[in-house]
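Undergrad: quick check, what structure comes out for this input:
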Amino acid sequence: MSTNSVSAAVVNYAPEKGSVEIREIAKPEIGEEDVLLEVVNVGVCGSDLHQWTADHSWPVNYPVVLGHEFGGYIIALGSRVTGWKEGDRVVSETAAIINPNSPLSRTGLYNLDPDRKGFGYGVNGAMTKFVRVPARCLHHIPDTLPFEQACLTEPCCVAYNAVVGNAHIRPGDRVIVLGPGTIGILCAAMAKLCGAEVAIVGLENDRNRLNIAKQYGCEAITGDATEWAKCRDGLGADFIIDAAGASITLKIALQLVRPNGHITKVGWGPQPLGFSLDQLVQKNVTLQGSFSHNWPIWEKVIALLASGQLDVKPIIGGVWPITEWQEAFEKMHKGDIVKSVLKPV
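TA: Residues are numbered from 1 along each chain as shown. Model (predicted):
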């Protein structure tokens, strides 16, 4: 394990477009309830790309090390940390700072705590060699689960919460996922695990990613999905999962969903809507937001990954050293691949 006191990091240093670069940062100091994690792999999230291209809609504490999908080894423990030891293989949740006394945290919904700050925008993330992590964020991973797959636990948890926690999809339901990015494909995979018939919809330049979605047993549709939505009884799909990073897809979701159906929006889109929500009323549709995840979801997803029921290998387009972050970002941004994974050096 590395003992270097300074490491390369991918830093988002200002709000202007393209304000990301490699910087040398010091090994972080840990508090009494933290651990120091040596990062083995860190996934690139769409939100990392949004901060890079400056089209995000959340506050960022600049400068900040990017990266919130990560796993590694514990190499040091704070004085009050129990239940963990050096050398443990772990992944980490994203809620780096929460108010433990808020009503939401007290009921286990700390992901919705207004004081929550996450890795990669609120505090320094994991696109570097060492990261400070509160021990409460940690989860064991088995030796049989490689880190380059385990580091994707976080987006899998986003998908689990959207599909299982907030949509309650059942066997036989007809589900359309809008947007074939990482979250969209994982939402489609989760819906298949729930026993649903699933189609995933993208644009012409999404063909590479749509082909990967087919590996999960999904129908891949380019453009208009109306025919697939209505082919059962003419009324539309039972569930729409909006996993696209644009607001306009909500309009498409309202067109495709059946009366008394359900739309779960998990994709961020800062653009104003600019259209009527009358269809939401007329169709008696439930519109549900879905954000992040909490402890029990992580345990269930790790079990799915460890058992092989959920396989993330098809979405991994490659592993790059931290110093080649720009190529990894650009390949995702262009849609050449679904997911880039980085490895600290």
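
Undergrad: correct me, but Val158 touches Leu186?
TA: Yes - Val158 is within contact range of Leu186, at 7.4 Å (criterion: C-beta atoms under 8 Å). For glycine as for every other residue, the C-beta is placed from the backbone atoms N, C-alpha and C.

Undergrad: neighbour count for these two, which is higher?
TA: Using other C-beta atoms under 10 Å, the more surrounded residue of Val158 and Leu186 is Leu186, with 29 against 25.

Undergrad: how close does that one get to Val312?
TA: For Leu186, the distance to Val312 equals 8 Å [C-beta to C-beta, to the nearest Å].

Undergrad: repeat for Ala14
TA: Ala14 sits at a distance of 33 Å from Val312 (criterion: C-beta to C-beta).

Undergrad: same thing with Gln279?
TA: Counting by C-beta to C-beta, the gap from Gln279 to Val312 is 35 Å.

Undergrad: rewinding a little: tell me which of Ala14 and Val312 has more neighbours.
TA: The residue with more neighbours, out of Ala14 and Val312, is Val312; 24 against 13, by other C-beta under 10 Å.

Undergrad: mind listing the strands for the stretch 201-345 of the chain?
TA: For the stretch 201-345 of the chain, the strands defined by DSSP state E, counting those that start in this stretch cover 219-222, 237-242, 257-265, 286-289, 316-321, 339-343.

Undergrad: which stretch among those comes nearest Tyr110?
TA: Nearest of the strands of the stretch 201-345 of the chain to Tyr110, taken as C-beta to C-beta: strand 286-289 at 16.7 Å.

Undergrad: state the mean pLDDT of that closest one.
TA: What strand 286-289 shows for mean pLDDT is 98.

Undergrad: neighbouring strands for that strand, and are they parallel or not?
TA: strand 257-265 (parallel) (DSSP bridges).

Undergrad: in the partner strand, what counts as buried?
TA: Across strand 257-265, burial judged by 16 or more other C-beta atoms under 10 Å covers Val257, Arg258, Gly261, His262, Ile263, Thr264, Lys265.

Undergrad: could you export these as a markdown table, including pLDDT?
TA: Formatted as a markdown table, the buried residues of strand 257-265 follow (pLDDT from 0 to 100):
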| residue | pLDDT |
| --- | --- |
| Val257 | 98 |
| Arg258 | 98 |
| Gly261 | 98 |
| His262 | 98 |
| Ile263 | 98 |
| Thr264 | 98 |
| Lys265 | 97 |
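
Undergrad: and the furthest pair within the residues you listed?
TA: Using C-beta to C-beta, the pair of the buried residues of strand 257-265 lying farthest apart is Arg258 and Lys265, separated by 17.0 Å.

Undergrad: thought Ile185 was touching Ile316?
TA: No - using C-beta under 8 Å, Ile185 is not in contact with Ile316; the gap is 11.4 Å.

Undergrad: more neighbours, these two?
TA: Shown here are Ile185 and Ile316; by other C-beta under 10 Å, Ile185 has more neighbours (29 against 20).

Undergrad: which residues are contacting the helix or strand harbouring the more buried one?
TA: Using DSSP states H and E, Ile185 maps to helix 182-193. With contact meaning C-beta atoms under 8 Å, 6 or more residues apart in numbering, helix 182-193 is reached by 45-46, 152, 155-156, 158-160, 162-164, 169, 173, 175, 177-178, 198, 200, 209, 212-213, 216-218, 239, 241, 243-244, 266-267, 304, 309-310, 312, 315, 338-339.
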